[in-house]
Every structure is written in C-alpha cells, then in structure tokens.
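Peer 1: I'll drop the sequence and a predicted model, then ask my questions.
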Amino acid sequence: MQSRGRDRGQKQLFEGLEKMLNPKEPLYKLEKVIPWEELDREFSRYYINYGRPAKPTRLMISLLLLKQLYNISDEEVVKQWTHNPYWQYLSGEEQFKWKAPCTSSELTHFRKRIGKAGVERIFRLSVELHKKKAREEREVVIDTTVQEKNITYPTDVKQYRKIAEHCLGIAEEEGIQLRRSYRRTIPKLLFAQRGRNHPRGHKRAVKAQRKLKTIAGRLVRELIRKAPQEALAAYADQIALFNRVLVQKRGDKNKIYSLHEPYVYCISKGKEHKKYEFGSKVSIAMTKTSGVIVSAMNIEKNVYDGATLPDVLEDIKNHTGKRPTIAIVDQGYRGKKEVGETQIISAQALRKKLTKYEKHKTRKRLRRRAAIEPVIGHLKSEFKLARNYLKGVIGDHINVLLAAAAYNLRKWLRMASPFILFIFWRDQKRVILAFGYCN
C-alpha cells in the first residue's frame with residue numbers, strides 16, 4: 001500500500017529545516033528543482049490500495065540517489081541519514097530526526113518493487129535537470145565497458161566444490177540419506193590444488209580435480225535417484241545448472257562461471273592489467289560538448305559493440321526526445337558507418353578523401369571521443385560501476401542506471417555549488433578572492 005500524505009496544516013512550534021539550512025547549498029537547491037509530486041504520481045502504480053502503508057516514495061528515491069552519489073552501502077546511507085540535515089531535507093523531512101528512516105533491507109525491496117522501468121524514470125530525471133545541455137545537443141560519444149559481478153574468480157575446482165556442498169545441503173534439508181557425504185575427502189582434494197602451478201604438484205592437482213568432479217557428479221545423480229518428486233520439481237532448475245557445469249568443457253560457449261550468478265560472461269577488452277573480466281557489457285553515451293550522460297544500458301549478451309548501436313540510439317531518443325545526428329565511437333564499432341539517420345564517426349573516417357576542413361573537424365571530434373574514458377573511470381571508482389553487488393540481470397540494469405543518474409546529479413551539484421574566483425594583480429604578488437554562488 002502506498003504511504004499516506006503528510007498533514008501539513010498544523011504549524012510547527014519551532015523553525016523547520018527549510019529555514020534552518022543554508023539555501024545556497026547544492027542539496028538544498030536540488031530539493032527545489034526535483035518534481036517530487038510528479039514522481040509520487042508516477043510511482044503510485046507500483047503500490048496497491050490495501051495493507052500496511054509503505055515508506056514515502058520521496059524518501060526511498062532520495063536514499064537510492066544518496067547511496068549511489070556518495071558510493072556507500074545500503075546500511076551506511078541509512079546510518080548517515082540520521083546525521084545529515086541536508087539529506088533529511090532532500091527526502092522531505094520538515095524537522096530534524098534522530099531515528100533511522102527505514103531498515104537497509106527496505107531499499108532492496110524498493111528496488112525490486114520499481115524494477116528497471118522505475119529506475120529508468122530516475123535516470124531520466126537526472127538528464128532533465130540539465131535541460132538544454134542534454135536535449136539540444138545532437139552529437140554524442142558512445143563507448144562500452146564491463147561492470148564486473150561480485151563473484152570469485154571462476155575455476156572448475158571451485159564450482160565442483162560448490163556443487164557438492166549444495167547437494168549435501170539439499171539432502172540434509174529433504175532428509176535424504178546419502179551413501180557417503182565426502183566431508184573429509186573434499187578438503188583433502190582442495191588442499192592438493194595448492195601445488196598446481198609447480199612442476200611437481202601439477203599432476204597431483206589435476207588428479208584431485210578429476211576426483212572432485214567425479215564426487216560432484218556422483219552426488220547429483222544420487223540426489224536425483226533418491227529425492228521425492230516434489231523435491232525434484234522444486235530443485236529442477238538448480239540440478240539442471242549443476243549438470244550444465246559438469247558437462248561443459250574449456251572451449252564451450254555460454255559457459256557457467258558462477259552458480260549463484262549464471263548469466264555472467266567472460267569478456268576481454270584487451271587490458272594489459274586485466275585480461276578477462278567476468279560480468280556484463282555496458283554501453284555509455286554522453287553529449288559531446290556538455291558531457292551529460294544521456295544513455296546507460298546494460299547489454300545482456302556479450303555481442304559486438306556495433307550491434308548495440310540501434311538500441312543505444314533509440315534509448316537516447318527516449319531520454320532526450322530527439323535522435324542524435326552524429327555518434328562518435330572508437331575502433332570497437334568498426335564496420336558501422338550509419339545507423340538510421342545517425343552518422344557514425346570513428347578513426348576510419350580519416351582514411352577517406354576529405355577536405356582539409358573536414359579532416360580538422362573529424363580530428364576535433366575524435367579528440368573529444370577520448371573524454372568518455374575518464375567518465376567511465378569516474379563511474380567505476382565513484383559510483384559503484386566497478387563491481388555490481390545487485391543480484392541477477394535486473395540488478396545489472398539497475399546498477400548501471402543508478403550509477404549514470406548519480407554522475408549526472410554530481411555534475412549538476414557542482415554547477416550549483418560555491419565557487420572561488422581568483423583575480424591576480426599585474427604584479428602577481430597580491431590575490432583577491434571573490435566568493436560567489438552559481439544559480
């Protein structure tokens with residue numbers, strides 16, 4: 001059930017946060033420009049009209065944005081909310097409160113409730129804050145990167161061990177008596193893996209790996225034989241996943257790299273320090289001049305970069321209202337010269353017979369293309385794109401959209417923050433500092 005509206009008819013005995021806080025602070029200004037009532041109406045479709053009232057939509061949206069904006073966890077954003085009056089004012093509070101607004105698990109429930117469509121609306125809000133800078137610019141820069149999933153580095157030994165442990169857990173839960181549990185054998189086989197990279201220990205490690213695979217397969221087959229039909233139906237997807245891992249080989253496509261995150265891909269971006277990354281591909285598009293992110297998409301499959309362009313350009317149109325006329329890309333998109341009415345410019349464009357002026361314009365565009373690389377770096381280091389802790393494919397979509405929304409908000413907050421103007425005299429010995437605020 002959606003939350004009830006606040007009763008604003010009664011006057012407060014003391015001054016509220018609106019009069020106590022500095023109106024020139026960026027978060028104070030942000031509260032004034034976000035259309036909270038419109039968001040509340042749009043998000044009302046995710047609630048029902050009976051049951052216990054939920055937390056206010058404005059509070060939950062604010063906590064999601066603050067969490068991503070300051071690169072902290074669900075638990076930490078709830079904890080710090082009680083210490084920061086500007087955070088409370090942004091989330092709709094009129095008086096400073098000492099009590100936590102909600103539990104950290106309620107943020108998880110809210111993300112599941114609104115899903116990808118709700119988070120896309122939050123991202124569109126961050127684009128709309130920049131107004132003309134995002135809507136009227138017709139040239140964009142597009143690039144892809146990888147958001148890694150929060151999984152351990154995958155090896156066959158780890159997966160066989162986990163399959164054996166899962167089978168033992170299912171047998172214990174269903175009361176199935178197994179012939180043998182291998183609880184003492186499995187740790188010894190894992191210990192034998194320590195010398196895998198040494199010439200003397202390699203054969204012993206390979207032999208132990210084969211034995212561990214045999215044990216995992218034996219437990220899966222025994223579980224299928226002895227489990228009742230109701231239990232088999234309940235664990236059918238899990239057992240099918242175990243069998244896929246046991247039969248897959250080194251050169252197979254669409255391999256399983258994690259049991260709890262089966263939709264993870266092994267992606268190689270040619271990095272010197274990190275040859276393989278395990279996660280999903282992400283496409284980021286920003287305006288060429290102003291640097292506002294106008295599209296952030298999670299690509300569910302590991303496909304060629306050029307194949308993602310039609311969806312990315314359509315996504316830009318959904319967020320800005322217009323389709324870009326020029327898209328500037330790197331060599332990963334080679335082979336694409338035009339998508340619909342959008343011209344695709346890459347380094348290959350310089351090989352054509354162009355006039356001097358056209359070459360100059362193309363070089364300027366390609367130099368500007370490099371600006372998206374530090375933007376991706378900021379998304380990873382400051383806005384949680386480096387490692388995705390949200391579960392499943394829907395978690396991949398939500399994480400990249402919230403990271404891009406937080407980047408756009410940070411850009412808007414910097415434009416609204418105080419600045420210092422340095423004025424040097426001619427002798428450059430004295431400096432005048434003039435303080436001011438952006439509108």
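Peer 2: That came through, no problem. Numbering: from 1, shown residues only.
Peer 1: Tell me which residues touch Leu178, please.
Peer 2: With contact set as C-beta atoms under 8 Å, 6 or more residues apart in numbering, Leu178 has these partners: Leu168, Ala171, Leu219, Glu222, Leu223, Lys226. Backbone N, C-alpha and C define where each C-beta goes, glycine included.
Peer 1: C-terminal to the host helix or strand of Val282, what's the next element?
Peer 2: Secondary structure from DSSP states H and E places Val282 in strand 277-287. Following strand 277-287 in sequence order, the next helix or strand is strand 293-299 (DSSP H and E).
Peer 1: got the buried residues for stretch 282-296?
Peer 2: Judged by neighbour count using 16 or more other C-beta atoms under 10 Å, the buried positions of stretch 282-296 are 282-288, 291-296.
Peer 1: Let's verify Gln147: helix, strand, or coil?
Peer 2: strand (DSSP: H, G, I helix; E, B strand; the rest coil).
Peer 1: Quick check: bridge partners of it?
Peer 2: Beta bridges link Gln147 to Ser280, judged by DSSP bridges.
Peer 1: isn't it right up against Val282?
Peer 2: Yes: at 5.1 Å, Gln147 and Val282 qualify as touching, with contact defined as C-beta atoms under 8 Å.
Peer 1: Just the buried ones out of the contacts of Leu178, please.
Peer 2: Leu168, Ala171, Leu219, Glu222, Leu223.
Peer 1: On the three-state scheme, the last one is what?
Peer 2: When the structure is split into helix, strand and coil by three-state DSSP, Leu223 lands in helix.
Peer 1: How many residues are close by Ile61?
Peer 2: Neighbourhood size, Ile61 [other C-beta atoms under 10 Å]: 25.
Peer 1: That one and Phe123 touch, don't they?
Peer 2: No: in this structure Ile61 lies outside contact range of Phe123 using C-beta under 8 Å: 11.6 Å.
Peer 1: With pLDDT added, can I get the buried ones among the contacts of Leu178 in TSV?
Peer 2: Formatted as TSV, the buried ones among the contacts of Leu178 follow (pLDDT from 0 to 100):
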residue	pLDDT
Leu168	95
Ala171	94
Leu219	96
Glu222	95
Leu223	94
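Peer 1: Just flag the most distant two among these.
Peer 2: Leu168 and Glu222 (10.8 Å; C-beta to C-beta).
Peer 1: the inter-axis angle of the strand holding Val282 versus strand 293-299?
Peer 2: Between strand 277-287 and strand 293-299, the angle comes out at 150 degrees (axes from the mean of the first three to the mean of the last three C-alpha atoms, to 10 degrees).
Peer 1: which residue sits closest to the most centrally placed residue in the chain, ignoring its sequence neighbours?
Peer 2: By C-alpha atoms, centre = their mean, the chain has its centre lying nearest to Asn399, at 2.2 Å. Nearest in space to Asn399, with sequence neighbours left out and distances taken as C-beta to C-beta, 6 or more residues apart in numbering, is Asn388 at 4.6 Å.
Peer 1: contacting residues for the residue nearest to His202 when sequence neighbours are not counted?
Peer 2: With sequence-adjacent residues excluded and distances taken as C-beta to C-beta, 6+ apart, His202 is closest to Arg196, at 6.0 Å. Arg196 sits next to His202, Ala205, Val206 when contact means C-beta under 8 Å, 6+ apart.
Peer 1: Same question for Tyr182.
Peer 2: Contact analysis of Tyr182 by C-beta under 8 Å, 6+ apart lists Ala164, Ile215, Leu219.
Peer 1: 6 Å - rerun?
Peer 2: Ile215 (C-beta atoms under 6 Å, 6 or more residues apart in numbering).
Peer 1: Could you check how far it is from Gly217?
Peer 2: Tyr182 sits 12 Å away from Gly217, going by C-beta to C-beta, to the nearest Å.
Peer 1: ok, now Arg194?
Peer 2: Distance of Arg194 to Gly217, computed by C-beta to C-beta: 24 Å.
Peer 1: Same check on Ile293?
Peer 2: Between Ile293 and Gly217 the computed distance is 47 Å (C-beta to C-beta).
Peer 1: now swap in Lys226 and tell me
Peer 2: Applying C-beta to C-beta, one obtains 15 Å for the distance of Lys226 from Gly217.
Peer 1: and the gap between the residue nearest to Gln95 when sequence neighbours are not counted and Phe96?
Peer 2: Nearest residue to Gln95, sequence neighbours excluded (C-beta to C-beta, 6+ apart): Gly16, at 5.7 Å. Using C-beta to C-beta, Gly16 is found at 9 Å from Phe96.
Peer 1: that older thread, now, the contacts of Arg196 that are in strands?
Peer 2: Judged by DSSP state E, strands contain none of those.
Peer 1: Scan those residues and report the most crowded one.
Peer 2: With neighbours taken as other C-beta under 10 Å, the top of the contacts of Arg196 is Ala205, carrying 18 neighbours.
Peer 1: mind showing which ranges of the chain have poor pLDDT?
Peer 2: Scanning the chain for pLDDT under 70 picks out 5-15, 349-352, 418-439.
Peer 1: That one: strands as residue ranges?
Peer 2: Assigned by DSSP E, the chain shows strands spanning 139-149, 265-267, 277-287, 293-299, 326-328, 338-339, 342-345, 387-388, 418-424, 431-437.
Peer 1: Pull up the pairing partners for the fourth one, direction included.
Peer 2: Looking at strand 293-299 with DSSP bridges, its paired strands and their directions are strand 277-287 (antiparallel).
Peer 1: how big is the angle separating the strand it pairs with from strand 139-149?
Peer 2: Using the same axes, to 10 degrees: strand 277-287 against strand 139-149 is 160 degrees.
Peer 1: Output strand 277-287 as PDB - backbone C-alpha positions only.
Peer 2: Taking C-alpha atoms only, strand 277-287 is exported to PDB below (Å, rounded to 0.1, in the frame of the first residue of the first chain):
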ATOM      1  CA  GLU A 277      36.500  -9.600 -16.700                       C
ATOM      2  CA  PHE A 278      33.500 -11.500 -15.500                       C
ATOM      3  CA  GLY A 279      30.300  -9.600 -15.700                       C
ATOM      4  CA  SER A 280      28.100  -7.900 -18.300                       C
ATOM      5  CA  LYS A 281      28.800  -5.400 -21.100                       C
ATOM      6  CA  VAL A 282      27.600  -1.800 -20.500                       C
ATOM      7  CA  SER A 283      27.100   1.000 -23.100                       C
ATOM      8  CA  ILE A 284      27.500   4.600 -22.000                       C
ATOM      9  CA  ALA A 285      26.600   7.600 -24.200                       C
ATOM     10  CA  MET A 286      27.200  11.200 -23.300                       C
ATOM     11  CA  THR A 287      26.800  14.500 -25.100                       C
END
